[in-house]
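1. Provide a 3D model corresponding to the input given below.
(one chain, ligands or ions: 1)
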Amino acid sequence: MIGRLNHIAIAVPDLDAATATYRDTLGAGVSQPLDQPEHGVTVVFVDLPNTKIELLHPLGAESPIANFLERNPAGGIHHVCYEVDDIVAARDRLKAGGARVLGDGTPRIGAHGKPVLFLHPKDFLGTLVELEQA
Ligand code: CO
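-> Reported below is the predicted structural model:
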């Protein structure tokens, strides 16, 4: 059912330092920081030949990654995102199998302008999983 790895998101306490690590130490191409107020994050996209890394930094008081950074002050992998062809069909299949979909289960428009859902980390090996309709 799942297809390509769309991105790995890493929550970081210092976006400039994290960007420098990927740009200078690892030699990757990085974007300018992009504020996404509707998602409560500022994002730097790291382009790799076969996928993307997204460096996430909290934006605003209600940021969904603030608690994660409190628990992981040095930063850490926040979620992985897999592509699916049909997000509603994927959701229904997962729910029928007992997996928990976060929120009310209605796909939202994600950071790339495409419908996304998040799956409960306790059902997926301790990893928050994002599904994106490709
Ligand atoms: Co994501």
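
2. pLDDT score assigned to residue 113?
-> Model confidence at residue 113, expressed as pLDDT, equals 89.

3. heads up, I number from 151, so please use that
-> In the new count, where the first residue is 151, that last one comes out as residue 263.

4. which element is it on?
-> In this assignment (DSSP states H and E), residue 263 forms part of neither any helix nor any strand.

5. based on its surroundings, how many neighbours for it?
-> Applying other C-beta atoms under 10 Å, we find 7 residues neighbouring residue 263. Placement of C-beta: from N, CA and C, glycine included.

6. quickly note the distance from it to residue 244.
-> In this structure, residue 263 lies at 23 Å from residue 244, with C-beta to C-beta, to the nearest Å as the measure.

7. same check, this time on residue 206
-> The span separating residue 206 from residue 244 equals 24 Å under the rule C-beta to C-beta.

8. who's more crowded, these two?
-> A count of neighbours by other C-beta under 10 Å puts residue 206 above the other of residue 206 and residue 244, at 27 against 21.

9. my guess is that one contacts residue 191, does it?
-> Yes - contact status for residue 206 versus residue 191: in contact at 4.7 Å, counting by C-beta atoms under 8 Å.

10. where do the contact lists of these two overlap?
-> Where contact means C-beta atoms under 8 Å, 6 or more residues apart in numbering, the residues bridging residue 206 and residue 191 through contact with each are residue 215.

11. tell me which helix or strand in this protein has the weakest average pLDDT.
-> Here the helix or strand of the chain ranked lowest by mean pLDDT, DSSP states H and E is strand 258-259, holding a mean of 92.

12. sheet-wise, list the partners of that one with their directions.
-> Strands flanking strand 258-259 in the sheet, each with its direction: strand 265-269 (antiparallel) (DSSP bridges).

13. in whichever helix or strand comes after the partner strand, what counts as buried?
-> Moving toward the C-terminus from strand 265-269, the first helix or strand encountered (DSSP H and E) is strand 279-283. Neighbour-count burial for strand 279-283, counted by 16 or more other C-beta atoms under 10 Å, picks out 279-283.
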